[in-house]
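Colleague: Have a look; sequence and predicted model below, questions after that.
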Amino acid sequence: MIPNMTPGAAAQLVSSTPQKTTLSNLETPIFLLKSNLHIDRLMVEDDDGRSINVLSSADIMRSKYAETISGELFDNAAAMLSASHYKPVRLLLMPEGARGSSFPVHNSEIAYRLQSRYTLRQFCDLENWLYQMGVFSLMVSKDNGLVRTCGADENPEMSIRQWITDTCRCGDIQRKMYPASWPKALMMLARFYRQAIEVDAFEHSIRDPRWYRQGPLENGVAHVFFPSTFERDPDYNNSKRLESHGLALKSYCDTLVEGLQYNAPWGFDEKFLSNRSELALITDTIAYLASYIRAINTNPDTGEIDFSAPSCGNWEEVPFAGGLTWDIEAMRQGLMSLYRLMFGPCPDGVNNVMLVQIRCAIASHKHSSWMSSERELIRLIEAARQKVIQRIVQADTPCESPFREIDASLAFITTCNTILASNPIENARHHFRLLFALEESIVRDNGILRYAPFEMEDKTGEMRRVFDNYLGDNYWLMPSLRASLLGKTNGSRKKFKSLDCSTTDKFIERGSMAREGYEAEWCWVSTISEGYSTQVLALDYAVKNGDIQDSAEVKELMRMGVEKATEYMNRALARITGDGMVKSNGKACPAFAVPEAYEYVSSLKEPRTLVALPGVHTPLSWAVSSLHVACEKLKQAMKTMEQ
């Protein structure tokens with residue numbers, strides 16, 4: 001039976017995907033594609049390299065890969081059919097005396113609850129309801145404490161790998177909701193860092209920074225691994241993601257201090273650390289991470305600290321020389337926490353005897369003689385801060401890299417204790433300026449772009465305008481179908497999925513089948529909300545600490561900060577999925593889930609029209625954690641305004 005072209009037809013098609021392929025059940029997707037796209041042939045290569053016309057049921061049935069091909073055919077038709085009918089509610093929230101903000105809301109129950117302004121009580125009620133609806137649920141392993149990267153199974157590259165960054169970021173919610181699991185998760189990371197290949201990478205980089213700075217992509221400590229074996233992914237060659245290791249260093253140091261000095265339920269306590277081999281694993285990991293950060297950010301020719309280690313940043317693509325601003329700040333955050341661990345107050349007490357022992361163990365590591373010097377650690381921290389100031393304050397526009405200036409990663413800086421100016425008011429204005437720059441450049445209806453288009457040199461030496469093409473339009477459709485929709489006879493026929501794409505050639509090839517203007521729209525609008533709230537709290541602290549007066553200027557900055565934090569909280573909540581939605585790969589989408597990104601898919605009825613659907617990686621655990629942190633920060637900011 002051919003499904004009708006009604007709004008529920010896509011869900012009907014998803015639910016009717018056959019367990020076994022037959023000639024008759026192939027009629028539906030083939031009819032939909034042929035009749036709407038007006039094509040009779042769509043050639044793909046099966047795993048044996050044989051060409052198959054997927055618009056011919058007989059051709060499919062002759063292939064030994066018929067089940068896989070037909071499943072993909074159903075998924076492609078379902079995604080495009082969903083794009084034909086999906087129309088989310090569009091909401092205009094207009095705070096009194098302010099410019100309105102209009103954006104789509106994908107869950108009708110949430111649309112009913114959004115307000116332009118909230119009292120603290122109203123927002124707490126909203127957050128509690130989100131808890132009840134399962135928005136903040138995570139998949140946490142009871143055995144090893146690790147949070148599963150992605151709650152969806154259909155892309156193994158995301159569901160079975162473990163990222164250092166995602167683990168640390170999920171710690172923000174894990175420490176509150178699953179505190180006992182957090183030390184276990186850090187021990188898993190420590191075991192990964194102690195694998196022979198990672199120790200070798202540490203050693204090479206510390207002995208000779210040129211090995212990292214001038215070597216190929218694989219020269220460095222990896223940032224993604226398989227939890228079942230602790231091994232780095234052999235298909236992921238890019239080991240230049242530095243913010244991961246800064247976040248890991250911060251996590252280890254904070255978990256030690258908070259556990260031993262303040263008895264935090266999620267901290268490393270005396271009982272946990274009584275196992276000497278486990279304790280040695282932690283102290284060795286801290287020593288290696290800190291020494292690695294110091295070494296690779298030291299100019300091997302001059303010996304000067306320059307924080308110019310090449311980095312690929314959050315997005316794991318082509319590394320840029322000179323370092324990335326957020327990566328530098330993430331490493332600085334790690335060094336700040338190390339300073340607190342090594343030189344912070346150490347009151348009398350049994351736990352603090354252990355803290356002294358930990359300090360000695362870290363400082364006695366073969367690469368850690370420099371850690372006994374408070375002055376050296378301060379020098380490192382200040383060198384990183386000055387480079388961040390140069391990129392954020394002194395530049396005409398806040399800059400992630402001279403090669404790619406506007407990048408969503410910059411938003412993470414506004415969520416930290418980064419001091420961009422000694423005067424708290426001036427400091428807040430610099431952070432707000434950064435957030436305004438991101439808002440004007442890369443915020444979109446359904447989220448935020450990872451970065452703005454920029455110029456990249458190709459292998460011929462020619463400069464080309466490029467854009468974020470990961471999860472670009474029709475990303476999960478069959479390559480030949482993507483080409484047909486673009487009217488292209490050339491362009492890549494690869495399925496890139498979430499595989500390594502960190503050379504210029506691969507990056508440009510992946511972009512050959514995507515269109516600027518239809519980039520994926522990501523979840524980090526919650527980070528922008530968190531950034532505004534963080535600056536409100538910093539101003540409130542400065543007033544209470546006597547650093548500044550509670551002036552009309554300060555009140556206005558705080559009022560504006562809460563208003564903007566609320567706007568971006570609403571944008572983040574608007575992204576949560578509703579009932580009966582279909583993902584960009586044609587699979588059923590869970591309701592009340594936080595997508596990694598909204599991705600554009602061509603309408604089956606009007607192929608030139610593209611519609612944003614929830615991405616494959618729905619829910620993404622880091623996105624869930626980011627939303628949770630933003631909620632907590634906004635509540636704190638609201639509280640300051642109601643006092």
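Modeller: Arrived safely.
Colleague: which residues does residue 640 contact?
Modeller: Going by C-beta atoms under 8 Å, 6 or more residues apart in numbering, residue 640 touches 536, 537, 540, 558. C-beta coordinates here come from the backbone N, C-alpha and C atoms, glycine included.
Colleague: again, but for residue 400
Modeller: The neighbourhood of residue 400, defined by C-beta under 8 Å, 6+ apart, consists of 313, 324, 325, 326, 391, 406, 407, 409, 410, 451.
Colleague: likewise residue 188?
Modeller: Residue 188 makes contact with 144, 145, 146, 162, 167, 227, 230, according to C-beta under 8 Å, 6+ apart.
Colleague: Need the nearest residue in space to residue 367, chain neighbours excluded.
Modeller: residue 291 (4.0 Å; C-beta to C-beta, 6 or more residues apart in numbering).
Colleague: Report how many residues lie close to the one you found.
Modeller: If you count neighbours by other C-beta atoms under 10 Å, residue 291 ends up with 21.
Colleague: In which helix or strand does it reside?
Modeller: Per DSSP states H and E, residue 291 falls inside helix 276-296.
Colleague: Following element in sequence after the helix-or-strand element of the chain with minimal mean pLDDT, please.
Modeller: In the chain, no helix or strand scores lower on mean pLDDT, DSSP states H and E than helix 9-15, which sits at a mean of 62. Toward the C-terminus, helix 9-15 is succeeded by helix 27-37 as the next helix or strand (DSSP H and E).
Colleague: Just the buried residues of that following helix, please?
Modeller: Buried residues in helix 27-37, defined by neighbour count with 16 or more other C-beta atoms under 10 Å: 28, 29, 30, 32, 33, 36, 37.
Colleague: Pull the contacting residues for residue 153.
Modeller: Neighbours of residue 153 in contact, by C-beta under 8 Å, 6+ apart: residue 159.
Colleague: Got phi/psi on residue 409?
Modeller: Dihedral angles of residue 409 (phi, psi; degrees, to the nearest 10) stand at phi -60, psi -30.
Colleague: Checking residue 612 next. Helix, strand or coil?
Modeller: Three-state assignment for residue 612 (DSSP: H, G, I helix; E, B strand; the rest coil): strand.
Colleague: where are the low-confidence patches of the stretch 401-550 of the chain?
Modeller: The stretch 401-550 of the chain contains residues with pLDDT under 70 at 490-492.
Colleague: okay, now residue 109: neighbour count?
Modeller: 14.
Colleague: tell me which element residue 52 is part of?
Modeller: Counting by DSSP H and E, residue 52 is part of strand 51-53.
Colleague: Can you name the residues in contact with the very next helix or strand once past that strand?
Modeller: Note on strand 51-53: by DSSP H and E, the next helix or strand toward the C-terminus is helix 57-61. With contacts defined as C-beta under 8 Å, 6+ apart, helix 57-61 is touched by 21, 23, 26, 27, 30, 52, 53, 54, 66, 69, 70, 73.
Colleague: out of the contacts of residue 640, who has the most neighbours?
Modeller: residue 536 (27 neighbours).
Colleague: show me the contacts for that residue.
Modeller: 557, 558, 561, 562, 565, 637, 640, 641 are the contacts of residue 536 under C-beta under 8 Å, 6+ apart.
Colleague: change it to 6 Å
Modeller: Applying C-beta atoms under 6 Å, 6 or more residues apart in numbering to residue 536 gives the contacts 558, 561, 562, 637.
Colleague: Kindly report the same for residue 73.
Modeller: Here residue 73 is in contact with 29, 54 (criterion: C-beta under 6 Å, 6+ apart).
Colleague: what's the burial count for residue 396?
Modeller: Counted with other C-beta under 10 Å, residue 396 comes out at 6.
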